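1. quick one, what's the 3D model for this:
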Amino acid sequence: MSEKFSPALRIGDLNDFVAPSQACIVSLNGKKKLPDKVEVSIADRQVKSEPVKISLKDCLACSGCVTSAETVMLEKQGLDEFMSTISKGKAVIVSLSPQSRASIAAHFGVSPLQAFKKLTRFFKSLGVRAIFDTSCSRDLTLVESCVEFITRYRQSQLVDDERSKSSLPMIASACPGWICYAEKKLEPIVLPYISSVKSPQQTIGTIIKRYVCQDMELRPEEVYHVTVMPCYDKKLEASRDDFVFQLEPNAEGCDSEVNMILEVDSVLTTGEILGLIQSKEVDFKSLEEAPLDKLLTNINEEGYLYGVRGSSGGYAETIFRYAAKTLFGRHIDGPLNFRNIKNSDFQEVTLEVEGETVLKFALCYGFRNLLNTVRKLKTGKSDYHFLEIMACPSGCLNGGGQIKPLPGQSAKQLSQLLESVYLENVLPADPFDNPIIKGLYAKWLEQPGSEKAKRYMHTQYRHVEKSVTSQLNNW
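-> Next comes the predicted model:
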């Protein structure tokens, strides 16, 4: 495999939200072939003929090519490009996900807060300008998601037509594996159920490139924004055409030759960051801690990190609490009582008022549960109001880009450790009380659900015709 890709991507077949496919299903002549006839370049296999060139529009996020084949991975989504950009003196900003923070903390045996501060020291020693926290942008996505759910719920109660039937259940849109599958493999009937709110990754990209860079006395085109994520499919998400914007022609200092701006320029996985640390021969555990950049980081005056419960974003729990309070005047204290339905990756919680179930939410993790849920949705048999769908079994903490188990450590043991580490030193907090988010609304976005918030914090999903298959016969 070419040396232009990051070390983590040269290991071999990688495992994202489903087991790696034995071959990409797209072939040169449009006919399915046996494994020994595969014509796609896979990292740990010999290519039998010229590799098929597959665009992102052809990708099904099946983990056969999106995580393993050189023909699909983007050249700019790796460590070489990251280090090259730093060396060129561009203003590099890193946004760290809480799942990646937990993975690194567990690997090195430190707390999430210590891991964050040590990573800040490490990145700044390389020349990074600032390190932010996507727990912060996640709070903004949750606020917008809460408002969107209330709108959809009331619409479903008041209007009895086809439009109301497609308003619920609302489905979380933070998982790029799920979004990719929904757009490219499911009928358009499913897409209206998906929340229009951007993921925390893209939200923080929008905040940095469209607003915060001004406070840092930087122009959007001067900023190279990198996120650290638990999932390889986040690279795919950052590359969507929907997440590119054009500078205003009359913007002060605007370079007419640089007018198309990515919200997120590059995505590095947790495993790639571990590889970078190891390549620099850094004793991470002994590394001095640095102060955190508070501009977009959930840390209070006492020095504690804060955020929502839920290692995959807390969408179901946060929206459930908000809906119970807003719609039915019910205040819920303490953790929600999610019940296992089919397995630990499919759980639900309900709210009853006067003997009637008025709210029914579910966590749906893993591809098998996902398919069963979608089947009921398409046949009109789903009675849920909200679905937190994540393609990875056990959710985002178990993403394919996370650090792998240590020798002698099972995947289950690591998963349990990550769950316990995830909220260590992190105080549960209501996103609506986040002072950073309040400031963003007051100074920029006006109010939750406003037209300005919809313009910057929401997107749309659509059925995608695969360009290769659309030109093939007998497919």
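
2. what sits against Leu387?
-> By Cβ atoms under 8 Å, 6 or more residues apart in numbering, the contact list for Leu387 reads Pro169, Met170, Ile171, Ala172, Ala316, Phe361, Ala362, Cys364, Thr373. All C-beta atoms are positioned from the backbone trio N, CA, C, and that covers glycine.

3. the third one reaches Ile389, doesn't it?
-> Yes. Because the distance of 5.6 Å satisfies Cβ atoms under 8 Å, Ile171 is recorded as touching Ile389.

4. so these two - more neighbours on which side?
-> A count of neighbours by other Cβ atoms under 10 Å puts Ile389 above the other of Ile171 and Ile389, at 29 against 25.

5. and what about the more buried one, helix, strand or coil?
-> strand (DSSP: H, G, I helix; E, B strand; the rest coil).

6. counting only strands, which of the contacts of Leu387 make the cut?
-> The members of the contacts of Leu387 that map onto strands under DSSP state E are Met170, Ile171, Phe361, Ala362, Cys364.

7. could you double-check that Leu305 sits in contact with Ala429?
-> No. Taking contacts as Cβ under 8 Å, Leu305 lies outside contact range of Ala429: 9.5 Å.

8. overlap in contacts, those two.
-> Counting by Cβ under 8 Å, 6+ apart, the shared contacts of Leu305 and Ala429 are Asn298.

9. which of these two has more neighbours?
-> Taking other Cβ under 10 Å, Leu305 and Ala429 do not tie; Leu305 has more neighbours (23 against 18).

10. so Gln77 sits against Val267, correct?
-> Yes. With contact defined as Cβ under 8 Å, Gln77 counts as touching Val267 (5.9 Å).

11. higher neighbour count, those two?
-> Val267 (29 against 25).

12. are we agreed that the more buried one is in a helix?
-> No. Assigned with three-state DSSP, Val267 falls outside any helix and is strand.

13. you'd agree it is up against His225?
-> No. At 9.8 Å, Val267 does not count as touching His225 under the criterion of Cβ under 8 Å.

14. contacting residues for Ser100?
-> Counting by Cβ under 8 Å, 6+ apart, Ser100 makes contact with Val228, Met229, Pro230, Thr269, Thr270, Ile273, Gly401, Gln402.

15. so which of these are in strands?
-> Those of the contacts of Ser100 lying in strands (DSSP E): Val228, Met229, Thr269.

16. nearest to Asn337 among those?
-> The shortest gap between Asn337 and any of these belongs to Met229, at 30.2 Å (Cβ to Cβ).

17. distance check, the closest one against Leu236.
-> Relative to Leu236, Met229 is positioned 11 Å away (Cβ to Cβ, to the nearest Å).

18. who has more neighbours, those two?
-> With neighbours defined as other Cβ under 10 Å, Met229 and Leu236 compare such that Met229 has more, 32 against 24.

19. so what sits opposite the more buried one in the bridge?
-> For Met229, the beta-bridge partners under DSSP bridges are Thr269.

20. and Gly355, how many neighbours?
-> So Gly355, with other Cβ under 10 Å, has 5 neighbours.

21. for it, grab phi and psi.
-> Torsion angles at Gly355 (phi, psi; degrees, to the nearest 10) stand at phi 80, psi 0.

22. that one: what's it in contact with?
-> So Gly355 contacts nothing (Cβ under 8 Å, 6+ apart).

23. helix or strand for Arg455, which one?
-> Following DSSP states H and E, one finds Arg455 within helix 451-457.

24. touching that helix from outside, list them.
-> Under Cβ under 8 Å, 6+ apart, the answer for helix 451-457 is 140-141, 144, 196-198, 203, 206, 210, 441, 444-447.

25. widest-spaced pair of the residues you listed?
-> Using Cβ to Cβ, the two most remote members of the contacts of helix 451-457 are Ser196 and Trp444, lying 19.0 Å apart.

26. would you map the strands across the protein?
-> Secondary structure of the chain (DSSP E): strands at 91-96, 130-133, 170-171, 223-229, 244-246, 260-262, 266-269, 305-307, 339-343, 346-353, 356-365, 386-390, 426-428.

27. okay, those in JSON lines with mean pLDDT and distance to Phe123 next?
-> Output for those, formatted as JSON lines (pLDDT from 0 to 100; distance: least, Cβ to Cβ, whole Å):
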{"stretch": "strand 91-96", "mean pLDDT": "96", "distance to Phe123": "5"}
{"stretch": "strand 130-133", "mean pLDDT": "96", "distance to Phe123": "5"}
{"stretch": "strand 170-171", "mean pLDDT": "95", "distance to Phe123": "34"}
{"stretch": "strand 223-229", "mean pLDDT": "95", "distance to Phe123": "9"}
{"stretch": "strand 244-246", "mean pLDDT": "83", "distance to Phe123": "25"}
{"stretch": "strand 260-262", "mean pLDDT": "88", "distance to Phe123": "20"}
{"stretch": "strand 266-269", "mean pLDDT": "94", "distance to Phe123": "11"}
{"stretch": "strand 305-307", "mean pLDDT": "94", "distance to Phe123": "17"}
{"stretch": "strand 339-343", "mean pLDDT": "88", "distance to Phe123": "38"}
{"stretch": "strand 346-353", "mean pLDDT": "93", "distance to Phe123": "36"}
{"stretch": "strand 356-365", "mean pLDDT": "94", "distance to Phe123": "31"}
{"stretch": "strand 386-390", "mean pLDDT": "94", "distance to Phe123": "27"}
{"stretch": "strand 426-428", "mean pLDDT": "91", "distance to Phe123": "20"}
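
28. which stretches of the stretch 351-475 of the chain have low pLDDT?
-> Applying pLDDT under 70 to the stretch 351-475 of the chain picks out residues 466-475.

29. show me how far the longest helix seen in the chain is from its chain's centre.
-> Across the chain, the helix with the greatest residue count (assigned by DSSP state H) is helix 134-158. Taking Cα atoms, centre = their mean, to the nearest Å, one finds helix 134-158 lying 17 Å from the centre of the chain it belongs to.

30. overlap in contacts, Gln77 and Val267.
-> By Cβ under 8 Å, 6+ apart, the residues touching both Gln77 and Val267 are Lys235, Ala238.

31. what is the nearest of the contacts of Leu387 to Asp345?
-> Nearest to Asp345 among the contacts of Leu387, with distances taken as Cβ to Cβ, is Cys364, at 7.5 Å.
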